[in-house]
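Asker: What follows is a protein structure lacking sequence information:
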């Protein structure tokens, strides 16, 4: 017989009923974490007298909203006679100021630029709270007022030089800038953050990156807001850091896709850095081997100063014949280079084979899910790129043939073939799946994908770029600038007397660009081609992904808005184009001077759709690629 449990009465939590408001500045204006697209403006609340000392601009508070308590960020505190109907702030989530005045203004401008709810930006800018960290930092909540620079801000592109590690050049420059105040360095990849942290001898930087533990990231974020004469290094979201004496921002390899936030609203560090430079009067430096099309256009228009030294590299081209990996004439210079050190081979793809083709009907092998079948190495089974399903025995879905051949050489297969061509030398593979940080400089065959070349302390005797045309063959608009940067980055690893050997047509302009160490030779022509067809950066762009069933109706609405001049006359409406089985894509472009007008219209349009409870749109302003 079981014993009856004692009866427990539940206690009802009664919300504190505040009645006394603060004697001074009794109203706060807050952004509300409500996840409702059309309720993205500020809301006013009363400050209870009991919390008046804790509620400051930049603190997180708990507020009543739609029958529940949610988080809000205080963006202003003011006196107001219009208090009828206002509710009281419920609580102070944390007394720590997590958003400076500069950050609040940056978020406000970013919301307008990327047509965003403020909290979509706040979540990127401010790490989640960790109470234990605040206990450790108790008493260090004072934030100094940022002093405005007297001299005007400047924006420059610093072209990295060959024969010297790019990250070391970055560090040497940052140390010089630190003499005048704090320096913020934004890098595209975690591995680059780790390397810069190692190379910063005698300086302990404040690191802000997603790889940190949650508590460490929050601690470093608060320290960066409260530290002076510091070097802050981090990936994408570190662009929101606001040390009190910030003097310079350095964005490394701004051309990288990693500088674009993949989550909504899709902001990027390049544009945010430019906004900060102009609004906060900061010196801004972009450092890289080849600029993006946007920066190249600003250089051409003299909005950005290009700084670089003249250099000349020895570049040889080898026309590939009959699709062979290594043209016959390329063997002797590679053998000569191996006598004095390691040779770097830049290849376009990682993995082993990026596709399988049926030997009978020549169809590309695919999985039942629709994904492409690949091989990760010579001894592995055939595997689906999308769902990872493994095929121990493969048969063609179209003709039932069981014979196939490999297509799309990957880095690992390159390594096998190059190793056979040059026996008795070690083969080192470095790619996104297995990155090698550095080698010892001895003679070796180093196979690397873009941006993954190991550091060689003595430089490479030769840099060999294989399948050169493949780098430039991708269909998206960024293929040219991405390939150009990859070639310059690889060539920069040469020792002074080394040679660049490219498997590409001798008339390709990349050869002249590398020889003169001048990316403008290619970039200028590319900008001209873009301008002729009104594509970015000569225009600004917005992509909208919508359901197929309403795509035509939406396009008709945009065309009507264009006739009524509710959107700029320069607006071009492209699409809808089929994206997948359910969605279609619409692309809007306009003159750069008209973007504010178009963004304002789209903001009201998305708010109206949300208020009408229609399906949300996927919207991106100035995306990395129009076809992503």
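Answerer: Thanks, I have it. What you are looking at is a predicted structure, and each value in this text was computed from that prediction instead of being measured. Numbering: from 1, shown residues only.

Asker: The stretch 101-250 of the chain: strands as residue ranges?
Answerer: 155-159, 182-186, 206-208, 231-234, 246-252 (DSSP state E, counting those that start in this stretch).

Asker: And the closest residue in space to residue 237 that isn't next to it in sequence, how far from residue 103?
Answerer: Once flanking residues are discounted, residue 237 sits nearest to residue 124: 5.2 Å by Cβ to Cβ, 6 or more residues apart in numbering. Quick note: C-beta positions are derived from backbone N, CA and C, even for glycine. Here residue 124 is placed at a distance of 11 Å from residue 103 (Cβ to Cβ, to the nearest Å).

Asker: Now the common contact residues for these two.
Answerer: residue 240 (Cβ atoms under 8 Å, 6 or more residues apart in numbering).

Asker: would CSV of the strands of the stretch 101-250 of the chain with distance to residue 579 be doable?
Answerer: Formatted as CSV, those follow (distance: least, Cβ to Cβ, whole Å):
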stretch, distance to residue 579
strand 155-159, 35
strand 182-186, 31
strand 206-208, 35
strand 231-234, 33
strand 246-252, 31
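
Asker: Residue 83: which of those strands is closest?
Answerer: Nearest to residue 83, of all those, is strand 246-252, at 37.0 Å by Cβ to Cβ.

Asker: Check which element follows the closest one along the chain.
Answerer: helix 269-280 (DSSP states H and E).

Asker: related to what we said a few turns ago, residue 480 is nearest to which of the strands of the stretch 101-250 of the chain?
Answerer: Using Cβ to Cβ, these put strand 155-159 closest to residue 480, at 17.6 Å.

Asker: now for that closest one, which elements pack on it?
Answerer: Judged by 3 or more Cβ pairs under 8 Å, 6 or more residues apart in numbering; DSSP states H and E, the packing partners of strand 155-159 are strand 283-288, helix 293-300, strand 305-307.

Asker: at 7 Å what do you get?
Answerer: strand 283-288, strand 305-307 (3 or more Cβ pairs under 7 Å, 6 or more residues apart in numbering; DSSP states H and E).

Asker: give me every residue that touches residue 36.
Answerer: residue 610 (Cβ atoms under 7 Å, 6 or more residues apart in numbering).

Asker: Confirm it sits in a strand?
Answerer: No - with DSSP: H, G, I helix; E, B strand; the rest coil as the criterion, residue 36 is coil rather than part of a strand.

Asker: still on that earlier bit, out of the strands of the stretch 101-250 of the chain, nearest to residue 52?
Answerer: Among the strands of the stretch 101-250 of the chain, if distance is taken as Cβ to Cβ, the winner is strand 246-252, at 30.4 Å.

Asker: which residues sit against that closest one?
Answerer: Here strand 246-252 has contacts from 146, 170, 174, 177, 180-188, 192, 269-270, 273, 276-277, 282-288, using Cβ under 7 Å, 6+ apart.

Asker: returning to what we had before: of the strands of the stretch 101-250 of the chain, which is nearest residue 335?
Answerer: Per Cβ to Cβ, nearest to residue 335 of the strands of the stretch 101-250 of the chain: strand 155-159, 32.5 Å.

Asker: Within the sheet, what are the partner strands of the closest one, with directions?
Answerer: Pairing partners of strand 155-159, with direction, according to DSSP bridges: strand 283-288 (parallel), strand 305-307 (parallel).

Asker: Just want the angle from the longest one to strand 246-252.
Answerer: Meaning strand 283-288. For strand 283-288 against strand 246-252, the angle by axes from the mean of the first three to the mean of the last three Cα atoms, to 10 degrees is 20 degrees.

Asker: ok, residues contacting strand 283-288?
Answerer: 153-158, 160, 170, 247-255, 273-274, 277, 295, 485.

Asker: worst-scoring helix or strand of this structure, pLDDT-wise?
Answerer: Every helix and strand in the chain was compared by mean pLDDT, DSSP states H and E; the lowest is strand 404-409, with a mean of 64.

Asker: Name the SS class of residue 401, please.
Answerer: Once three-state DSSP is applied, residue 401 turns out coil.

Asker: any idea whether the closest residue to it other than its chain neighbours is helix, strand or coil?
Answerer: With Cβ to Cβ, 6+ apart as the measure, residue 360 is the residue that lies nearest to residue 401, at 4.0 Å, once sequence neighbours are left out. Secondary structure, three-state DSSP: residue 360 is coil.

Asker: residues in contact with residue 360?
Answerer: Going by Cβ under 7 Å, 6+ apart, the list of residues near residue 360 reads 396, 399, 401, 403.

Asker: now those as CSV including distance to residue 472, neighbour count and pLDDT?
Answerer: Listed next are the contacts of residue 360 as CSV, based on distance: Cβ to Cβ, whole Å; neighbours: other Cβ atoms under 10 Å; pLDDT from 0 to 100:
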residue, distance to residue 472, neighbour count, pLDDT
396, 31, 20, 81
399, 34, 13, 83
401, 34, 14, 81
403, 32, 10, 76
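
Asker: Which members of these are the farthest-apart pair?
Answerer: Farthest pair in those, by Cβ to Cβ: 399 and 403, 10.3 Å.

Asker: Read off the pLDDT value for the residue positioned nearest the centre of the chain.
Answerer: For the chain, the residue nearest the mean C-alpha position is residue 259 (2.0 Å; Cα atoms, centre = their mean). The per-residue pLDDT reported for residue 259 equals 98.

Asker: what's across from residue 158 in the sheet?
Answerer: residue 287, residue 307.

Asker: Thought residue 306 was touching it, still the case?
Answerer: No - the pair residue 158 / residue 306 is not scored as a contact, 8.6 Å apart, by Cβ atoms under 7 Å.

Asker: Out of the strands of the stretch 101-250 of the chain, which gets nearest to residue 622?
Answerer: Closest among the strands of the stretch 101-250 of the chain, using Cβ to Cβ: strand 246-252, at 15.9 Å.

Asker: nearest residue to residue 335 other than its sequence neighbours?
Answerer: Counting by Cβ to Cβ, 6+ apart, the residue nearest residue 335 is residue 422, at 7.2 Å.

Asker: Please apply the same query to residue 524.
Answerer: residue 300 (6.8 Å).

Asker: number of nearby residues for that neighbour?
Answerer: Other residues lying near residue 300 total 16 when counted by other Cβ atoms under 10 Å.

Asker: Any figure for the gap between it and residue 512?
Answerer: Taking Cβ to Cβ, one finds residue 300 at 18 Å from residue 512.

Asker: how about the helices of the stretch 1-150 of the chain, start to end?
Answerer: 101-114, 118-125, 131-136 (DSSP state H, counting those that start in this stretch).

Asker: Name the residues of the first one that are buried.
Answerer: Within helix 101-114, the residues that qualify as buried are 101, 102, 103, 104, 105, 106, 107, 109, 110, 111, 113, 114, counting by 16 or more other Cβ atoms under 10 Å.

Asker: How about the first one: what's its closest non-neighbour residue?
Answerer: Think residue 101. Per Cβ to Cβ, 6+ apart, closest to residue 101 is residue 57, 6.8 Å.

Asker: With the second one instead?
Answerer: Leaving aside its chain neighbours, residue 102 sits nearest to residue 242 (4.9 Å; criterion: Cβ to Cβ, 6+ apart).

Asker: What of the fifth one?
Answerer: Closest residue in space to residue 105, ignoring its immediate chain neighbours: residue 279 at 6.6 Å, by Cβ to Cβ, 6+ apart.

Asker: Near that neighbour, how many other residues are there?
Answerer: Residue 279 has 13 nearby residues by other Cβ under 10 Å.

Asker: Can you tell me how far it is from residue 130?
Answerer: Taking Cβ to Cβ, one finds residue 279 at 30 Å from residue 130.

Asker: repeat for residue 492
Answerer: For residue 492, the distance to residue 130 - Cβ to Cβ - is 40 Å.

Asker: got it, and residue 19?
Answerer: Distance from residue 19 to residue 130, by Cβ to Cβ: 34 Å.

Asker: do the same with residue 477
Answerer: Taken as Cβ to Cβ, the span from residue 477 to residue 130 is 41 Å.

Asker: where does the stretch 401-550 of the chain dip in pLDDT?
Answerer: 405-409 (pLDDT under 70).
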